[in-house]
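Visitor: Next comes the sequence, and after it the predicted model I'd like to discuss.
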Number of protein chains: 2
Amino acid sequence: MSAPVPPWQHRAERRREPKQPLNVDSIVVAAMDLLDGEGLDAVSMRRVAQKLGTGAASLYAHVRNKDGLHALVLDAVIGEVAVPEPEPDRWQEQIKDFAREQLRVFAGHPGIAQVVLRNPAPTGPHALRVTEALLGLLRGAGLPEQVVAWALDLISLYVTAVAMERSAFFGRPEADMAERMAQVGQYFAQLPEQSFPHILAMRVALMEGDADERFEFGLQVLVQGLASFRE
Amino acid sequence: MSAPVPPWQHRAERRREPKQPLNVDSIVVAAMDLLDGEGLDAVSMRRVAQKLGTGAASLYAHVRNKDGLHALVLDAVIGEVAVPEPEPDRWQEQIKDFAREQLRVFAGHPGIAQVVLRNPAPTGPHALRVTEALLGLLRGAGLPEQVVAWALDLISLYVTAVAMERSAFFGRPEADMAERMAQVGQYFAQLPEQSFPHILAMRVALMEGDADERFEFGLQVLVQGLASFRE
DNA sequence: ACCTGAACACCGTTCAAGT
DNA sequence: ACCTGAACACCGTTCAAGT
């Protein structure tokens, strides 16, 4: 028979938090907290473990490795993407809406786009749901089958790349996008005209438009380009 | 007067290499060697310094930090991109050729595309040369000025994103792209038909085409989409 | 089966000290 | 001005040992 544990020791053992046992869900939640607050670089095995009151080694019983954890976080993020019911008459606008929605969600989790670009063709449950929905939109648009299949990847790639560009400025309030572009504008203005006539002539147009306008332009090019494949 | 250095000590001091003094060029060359052989992740301050027979701290007299070094390497890579003389009659084909050339160069330096996505709008001397040339192509195409300006970014973004996707498979001979796609195909085939009718119906088309065919499809969508803006 | 601390082999960057 | 070693504060992953 062992002596009962005195209460001050009891409390010392669980002083941090209720310390429920580890599981995949709590790991993903902790990882998403770090992602949203500090960006993808903060989602390290050690930081996530620290947030859960344990050591990095403990996570390996629940996730294969850091890439596996990032893939789980990515699917959780994709779970936030709302998908529409197809209305074939307005397929162009629906594709744009879908792309805007996906960009909005990705932009809310800075750096997550990088996981997509490093792990092409995600196959988590939520990614499948979104793929199915986007295929539904494209198949109602009167496009050849092969165009539908490749357009799926092309649209995702465009949205993902834009999302990654945007999160490049995360956590740098001083050197934010507007200021950076102003600096580039100054720089262009003082280039030698003989070597860079086009850049100098286009100097104003090159700086025109905020991030959203540029994204919209790309969407317009995409859907117009796709429409040229209609049968 | 000090005694002359005995020859065995003299040799001991410079036993590794001729050990010419550090400078930016030799640092960039060493970094590119690592990049080409092992990918961007190998281009660390410590590995580059090791290749030059010194310590990481010594590099900071010549480059601001790791991001600065990566930016210098990026511009050196862009220096390999050949640019054409504009022939306005075949602007669509010239834009495609330019994109193919840029992808070819980026693919030869695995991971470099990531530097572009993290540092939008590169302004190194070679980047300027390429920008000037691409603007020349686009301005001869009869597109509105604002379309030319935004198309410049859009084309670069597409090529960069594809390059990054491709280098995701660098150094993994086993899980190479073809095998990965075959696995995805198997996975799609066993999905429940009620939940994923579009994916199942499109299963063959989704797997069709190699990386180059998909890139060409995207180029076609881009130039067709741009052409819809002609005045 | 799950959890842990310690260890291993890495990082980027700073700094005082040397030349 | 340039170079250096050591230090600091981080990494991912493995492993023997615990429960």
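Guide: That came in fine, so what should we check first? Residues are numbered from 1 along each chain as shown, chains lettered A, B, ... in the order given.
Visitor: how much distance is there from the helix or strand containing A:Q224 to the middle of the chain?
Guide: A:Q224 is part of helix A:211-227, with elements assigned from DSSP states H and E. On the basis of C-alpha atoms, centre = their mean, to the nearest Å, helix A:211-227 sits 19 Å off its chain's mean C-alpha point.
Visitor: Please apply the same query to stretch A:128-136.
Guide: Relative to its parent chain, stretch A:128-136 has a centroid offset of 17 Å by C-alpha atoms, centre = their mean.
Visitor: now stretch A:223-231
Guide: Centroid separation for stretch A:223-231 versus its chain: 27 Å, with C-alpha atoms, centre = their mean.
Visitor: Strands of chain A, residue ranges please.
Guide: Here chain A has no strands by DSSP state E.
Visitor: So which residues on chain A come close to DNA strand D?
Guide: Chain A comes close to DNA strand D at residues A:A42, A:S44, A:M45, A:R46, A:R47, A:A56, A:A57, A:Y60, A:N65, A:K66, A:D67, as judged by C-beta under 7 Å from any atom of the strand. For glycine as for every other residue, the C-beta is placed from the backbone atoms N, C-alpha and C.
Visitor: A:L134: how many residues sit nearby?
Guide: Using other C-beta atoms under 10 Å in any protein chain shown, A:L134 is surrounded by 25 other residues.
Visitor: Run through chain A and note the low-pLDDT ranges.
Guide: Where chain A drops to pLDDT under 70, the residues are A:1-19, A:172-177.
Visitor: how about the residues of it near DNA strand C?
Guide: Counting by C-beta under 7 Å from any atom of the strand, chain A sits next to DNA strand C at A:P21, A:L22, A:T54, A:G55, A:A56, A:A57, A:S58, A:Y60, A:A61, A:H62.
Visitor: which helices and strands sit right next to the helix holding A:Q224?
Guide: On a contact count with 3 or more C-beta pairs under 8 Å, 6 or more residues apart in numbering or on different chains; DSSP states H and E, helix A:211-227 meets helix A:91-107, helix A:145-167, helix B:145-167, helix B:211-227.
Visitor: ok, now with 6 Å
Guide: For helix A:211-227, the packing partners by 3 or more C-beta pairs under 6 Å, 6 or more residues apart in numbering or on different chains; DSSP states H and E come out as helix A:91-107, helix B:145-167, helix B:211-227.
Visitor: what angle do it and helix B:211-227 make?
Guide: Angle of helix A:211-227 versus helix B:211-227, following axes from the mean of the first three to the mean of the last three C-alpha atoms, to 10 degrees, is 110 degrees.
Visitor: List the buried residues of helix A:211-227.
Guide: For helix A:211-227, the neighbour count (16 or more other C-beta atoms under 10 Å in any protein chain shown) marks A:211, A:214-215, A:217-227 as buried.
Visitor: for these, which one is nearest A:E93?
Guide: Of all the buried residues of helix A:211-227, A:E93 sits closest to A:V223, with 8.6 Å by C-beta to C-beta.
Visitor: residues contacting the closest one?
Guide: A:Q92, A:I95 (C-beta atoms under 6 Å, 6 or more residues apart in numbering or on different chains).
Visitor: separation between A:W150 and DNA strand C?
Guide: Distance of A:W150 to DNA strand C, given as C-beta to the nearest atom of the strand, to the nearest Å: 37 Å.
Visitor: Just give the closest residue to that residue, not the sequence neighbours.
Guide: Nearest non-adjacent residue to A:W150, counting by C-beta to C-beta, 6 or more residues apart in numbering or on different chains: B:F217, 4.6 Å away.
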